[in-house]
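Enquirer: coords please:
(one chain, ligands or ions: 1)
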Amino acid sequence: MDASNFKVIVVGAGPAGLTAAHSLSLAGIDYVVLEGRDEMFVDSGASLVLGPQSLRVMQQFGLLSRLKEIGGEMQHTKSYDLDGNVFENHHNFRLMRANHGIGPLAFHRSQLIETIYGGLPVRAKSQILTGKKVVDIEADADGVKVHCSDGTVHEGSIVLGADGVYSRTRRIMRKLALAEDPSREWDAEVPFTTAYKCMWCSFPRPAGSEPGEGYNTHHTDKSSMYISGSERSWIFLYQKLPQETRERTSYSIKDAEEFAATFADFRITDTLKVEDALARRMTAGMANLEEGILQHWSWGRIVLVGDACHKYTPNAGLGFNNGVQDVVALCNRLQAARAACGGKPLDAAALSGLFAEYQRERYERAEEDRYKSAHITRIHAWSDRLHWIIARFILPFQFVQRLLTNYLARKTISTALLLNYVSAEEPFVGLVPWLHKMPGFVSKE
Ligand SMILES: Cc1cc2nc3c(=O)[nH]c(=O)nc-3n(C[C@H](O)[C@H](O)[C@H](O)COP(=O)(O)OP(=O)(O)OC[C@H]3O[C@@H](n4cnc5c(N)ncnc54)[C@H](O)[C@@H]3O)c2cc1C
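Expert: The predicted structure is shown next:
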């Protein structure tokens with residue numbers, strides 16, 4: 001490849017890979033996205049909830065009005081015990097809306113992914129290739145060569161690995177780093193641990209359930225979650241594994257059904273139980289819930305974003321929201337470095353420095369959200385006496401909820417990053433000012 005051309009090879013067209021496609025396209029940076037699956041859209045997932053911070057980035061992509069049409073804004077939270085008693089009942093999303101101008105929106109995962117893809121300009125879409133499972137990467141001082149299982153080879157300047165929790169890019173990056181210096185310390189080959197598994201299913205939003213309900217049923221070592229969107233609702237059934245593991249486990253639909261049957265009596269709303277949702281299910285799946293954060297997010301010309309470098313349990317809905325922030329932090333640096341060097345090639349040393357700064361900017365926030373996610377899962381599943389006390393006797397207090405919304409959530413949301421190089425109108429005005437203003441627009445705050 002001509003070294004004066006700068007081209008990013010994105011591995012994976014999941015939500016983080018598509019966010020990268022928008023961000024690179026808007027930066028005028030050449031790229032190709034290699035997706036291993038044969039189809040772009042597979043409707044097997046559950047919901048994805050996006051916070052105000054991610055919705056502002058979606059506004060920069062020109063997607064916000066469509067997302068508001070298809071998303072259900074979160075409104076109301078309740079927690080039940082197994083006998084159906086409500087021990088927590090609050091409307092803190094209203095406070096979030098007052099603070100930031102909107103609450104989180106809940107989407108059906110595949111509909112969100114289709115919308116993010118659909119919003120790409122035609123030329124940008126043509127850069128997303130399916131049936132391109134990445135199997136190997138060569139990297140040298142001048143660039144990268146990415147090999148796919150269909151025999152094709154794609155040349156570029158850097159690899160951006162957005163290939164999820166079992167990232168092949170991460171494994172290859174580790175192999176290359178250790179081949180260069182076998183004595184260096186690196187993350188383990190399987191860097192994440194698993195203590196819980198989760199079954200999910202989607203079904204038509206039941207009559208009597210308004211969009212934006214987020215209800216939990218707590219029990220010892222297991223819990224359920226119910227979320228209602230604009231058209232569909234989703235349930236999530238969590239159970240602690242007999243012991244923590246690093247082994248990857250795949251579950252069939254039959255496994256998921258058998259597991260869900262053990263939750264049949266769990267309450268999901270005042271009038272419905274898990275068995276009512278299962279009877280009307282549209283999509284379902286089950287997976288182990290890996291947790292962890294890498295120490296090394298890049299090596300040489302390879303850099304990771306999203307679940308490839310940090311993985312959370314999903315109760316708090318923070319995984320993809322962090323993936324968006326990764327892509328924004330990385331693309332801001334790439335765009336600025338490209339502009340500063342006036343189109344000259346970025347050498348390997350400059351790229352390594354840029355990737356290290358990217359990790360430094362993101363690490364602390366990613367770790368905070370991993371910690372929050374881990375504890376919320378354990379609070380819902382009463383994993384020990386302390387988490388049970390927090391669930392039953394501390395979190396139900398309104399003032400505690402207000403404190404969490406006004407301190408923890410407020411800090412995460414109001415200080416979140418935006419693409420520095422894309423101007424858009426500020427869509428949300430609330431009581432809390434945004435640290436990063438929409439570029440190119442006079443703030444209405
Ligand atoms: C039940 C559940 C509910 C969740 N709810 C929320 C929520 O409400 N909010 C939130 O923010 N997060 C949520 N998450 C987390 C969220 O789903 C993930 O953080 C997000 O999907 C990560 O996106 P990603 O693009 O990094 O990885 P992925 O979504 O895993 O996408 C990776 C892509 O890479 C492709 N790929 C993999 N290997 C290769 C290869 N070798 N070559 C080419 N392509 C490859 C895959 O096919 C896939 O398309 C939830 C997770 C679960 C399990």
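
Enquirer: give me the residue from the stretch 151-300 of the chain nearest the ligand.
Expert: residue 164 (2.5 Å; Cβ to the nearest ligand atom). The way it works is simple: take the backbone N, C-alpha and C, and place the C-beta from them, glycine included.

Enquirer: which SS class is the residue lying closest to that residue once chain neighbours are set aside?
Expert: Closest residue to residue 164 apart from its sequence neighbours, by Cβ to Cβ, 6 or more residues apart in numbering: residue 307 at 4.7 Å. Per DSSP: H, G, I helix; E, B strand; the rest coil, the local secondary structure of residue 307 is helix.

Enquirer: my read: residue 307 touches residue 322, true?
Expert: No - the pair residue 307 / residue 322 is not scored as a contact, 9.0 Å apart, by Cβ atoms under 8 Å.

Enquirer: returning to that earlier point: in contact with the residue of the stretch 151-300 of the chain closest to the ligand, which residues?
Expert: If you count contacts by Cβ atoms under 8 Å, 6 or more residues apart in numbering, residue 164 has them with 12, 14, 306, 307, 308.

Enquirer: can you narrow those residues to ones near the ligand?
Expert: Restricting these to those touching the ligand (Cβ under 6 Å from any ligand atom) yields 12, 14, 306, 307, 308.

Enquirer: which residues sit in contact with the fourth one?
Expert: Spelled out, it's residue 307. Contacts of residue 307 by Cβ under 8 Å, 6+ apart are 14, 16, 164, 165, 167, 319, 323.

Enquirer: quick check: the residue of the stretch 151-300 of the chain closest to the ligand vs residue 422, distance?
Expert: As judged by Cβ to Cβ, to the nearest Å, residue 164 and residue 422 stand 26 Å apart.

Enquirer: try residue 269
Expert: Distance of residue 269 to residue 422, given as Cβ to Cβ: 40 Å.

Enquirer: settle it for me: which of those two has more neighbours?
Expert: Taking neighbours as other Cβ atoms under 10 Å, residue 269 and residue 422 compare with residue 422 leading, 22 against 19.

Enquirer: what's the pLDDT at that one?
Expert: We note a pLDDT of 97 for residue 422 in this prediction.

Enquirer: which non-adjacent residue is nearest it?
Expert: Using Cβ to Cβ, 6+ apart, the nearest residue to residue 422 is residue 60, at 4.3 Å.

Enquirer: what does residue 124 give?
Expert: residue 25 (4.1 Å).

Enquirer: isn't that neighbour right up against residue 31?
Expert: Yes - with contact defined as Cβ under 8 Å, residue 25 reaches residue 31; the gap is 7.4 Å.

Enquirer: mutual contacts of these two, please.
Expert: What both residue 25 and residue 31 touch, as defined by Cβ under 8 Å, 6+ apart, is the set residue 127.

Enquirer: these two: which is more packed in?
Expert: Comparing residue 25 with residue 31 by neighbour count (other Cβ under 10 Å), the higher total belongs to residue 31, at 22 against 18.

Enquirer: distance of that one relative to residue 353?
Expert: For residue 31 relative to residue 353 (Cβ to Cβ), the value is 21 Å.

Enquirer: contacting residues for the residue positioned nearest the centre of the chain?
Expert: Taking Cα atoms, centre = their mean as the criterion, residue 320 is the residue nearest the geometric centre of the chain, at 1.1 Å. By Cβ under 8 Å, 6+ apart, the contact set of residue 320 is 15, 16, 48, 50, 54, 306.

Enquirer: put together CSV for these, with distance to residue 186 on each row.
Expert: Compiled in CSV, the contacts of residue 320 are given as follows (distance: Cβ to Cβ, whole Å):
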residue, distance to residue 186
15, 27
16, 22
48, 31
50, 33
54, 31
306, 20
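
Enquirer: among these, which two are most distant?
Expert: 50 and 306 (14.0 Å; Cβ to Cβ).

Enquirer: more neighbours, these two?
Expert: Set side by side, residue 50 and residue 306 show more neighbours around residue 306, with 29 against 21, by other Cβ under 10 Å.

Enquirer: pretty sure that one sits against residue 15.
Expert: Yes - taking contacts as Cβ under 8 Å, residue 306 lies within contact range of residue 15: 7.5 Å.

Enquirer: which residues do the two both contact?
Expert: With Cβ under 8 Å, 6+ apart, residue 306 and residue 15 have common neighbours 320, 323.
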